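# This is the structure alone, sequence omitted:
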């Protein structure tokens, strides 16, 4: 097992143990927020930018950057992610997630891509 896989397994284990408790406490109230989305590819520094975050009830969220939208559905320990470009679905995956304060983190394990969504001020 490679280093990245061991890190993912460790992250997944921690999320399983603490995800349900932390998710209820860390999720923002429903509404619209300025946000930052960071995407980290293997062997690269994080690429971060401004995003619009719409947090909905029942663990649903939309993260928008221009005409790219990440639709998120948070469950007890996993998040379903559907990536849209306009009206066209370009990707989807399910990932284990964790909260670090108010930052939502999850990993697309198949592509080894890490995501962080940091809510900012309400809009």
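In hand now; what should we look at? This one's a predicted model, so the numbers in the text were calculated from it and none came from an experiment.
# my read: residue 80 touches residue 97, true?
No - with contact defined as CB atoms under 8 Å, residue 80 does not reach residue 97; the gap is 10.2 Å. Backbone N, C-alpha and C define where each C-beta goes, glycine included.
# These two: who's more crowded?
When residue 80 and residue 97 are compared for neighbours, residue 97 comes out ahead with 24 against 15, by other CB atoms under 10 Å.
# where does residue 18 land on pLDDT?
If you check residue 18, the pLDDT there is 43.
# Over to residue 55?
Residue 55 carries a pLDDT score of 97 in this model.
# so how many other residues sit close to it?
Counted with other CB under 10 Å, residues neighbouring residue 55 total 22.
# how much space between it and residue 85?
Separation of residue 55 from residue 85 (CB to CB, to the nearest Å): 22 Å.
# just residue 69 next, same as before
Noted for residue 69: a distance of 8 Å to residue 85, by CB to CB.
# Ok, residue 92 next?
13 Å.
# which residues touch the residue nearest to residue 113 when sequence neighbours are not counted?
Sequence neighbours aside, residue 41 is the residue nearest to residue 113 in space, at 5.8 Å (criterion: CB to CB, 6 or more residues apart in numbering). Contacts for residue 41 (CB atoms under 8 Å, 6 or more residues apart in numbering) come out as 47, 112, 113.
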